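Q: got a predicted model here, sequence first, then my questions.
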Amino acid sequence: MLTSWSLLARTTGFPRAHDDGGAHKIDSAEKAALAVAEILADGKGEEVTVLAVKGMTLIADYFVIASGTSQRHVKSLADRVLEGMEQVKKLSHVEGYENGSWVLLDYGDVVVHIFRRAERAFYGLERLWGDAPRLVRA
């Protein structure tokens, strides 16, 4: 399935994290964030958003935010990201996987937030980080 994230990866030279052909390192936080966004979109993640928070916080350079339709879907999306990024970016920390309502995957300069819809609306990260530029989907 060619998503707009896939198209962005192909037209701008961003590597696809789960391309066949062996492991390769992603050399920038932006490329890693876009690769994660692609993985989430391919897994039917909803409202996939990439926020550029570099310079706004010391936590990370990018937040990738997505919604799943159920706890099982949230966990499945997290599994897809973990598998897709395993060979390209070192995972620092995982939070919330067992509960499945909000999973946080910390890759250092990229932090991935996968929510159920209700939790995403409640915590409103896009609202809290409203001044952060959003990377545009192709």
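A: Thanks, I have the structure now. Residues are numbered from 1 along each chain as shown.

Q: and the next element down the chain from the one helix or strand in the chain whose mean pLDDT sits lowest?
A: For the chain, counting by mean pLDDT, DSSP states H and E, helix 4-12 ranks last in confidence among helices and strands (a mean of 39). Proceeding N to C from helix 4-12, the next assigned helix or strand is helix 29-42, under DSSP states H and E.

Q: which neighbouring elements make contact with that next one?
A: helix 4-12, strand 46-52, strand 62-68, helix 71-85, strand 110-116 (3 or more Cβ pairs under 8 Å, 6 or more residues apart in numbering; DSSP states H and E). Yep, even glycine has a C-beta here, placed from its N, CA and C like the rest.

Q: for those, give me TSV that also has mean neighbour count and distance to residue 124.
A: Below are the helices and strands packed on helix 29-42 laid out as TSV (neighbours: other Cβ atoms under 10 Å; distance: least, Cβ to Cβ, whole Å):
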stretch	mean neighbour count	distance to residue 124
helix 4-12	16	23
strand 46-52	20	12
strand 62-68	25	10
helix 71-85	19	17
strand 110-116	25	10
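
Q: quick one: low-confidence parts of the protein?
A: By pLDDT under 70, the low-scoring segments of the chain are 1-27, 136-138.

Q: run the last query once more with 50
A: In the predicted model, the chain carries pLDDT under 50 at residues 1-24, 138.

Q: just send the helices and strands packed on helix 29-42 back as a markdown table, with distance to residue 125 too.
A: Formatted as a markdown table, those follow (distance: least, Cβ to Cβ, whole Å):
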| stretch | distance to residue 125 |
| --- | --- |
| helix 4-12 | 19 |
| strand 46-52 | 8 |
| strand 62-68 | 6 |
| helix 71-85 | 15 |
| strand 110-116 | 6 |
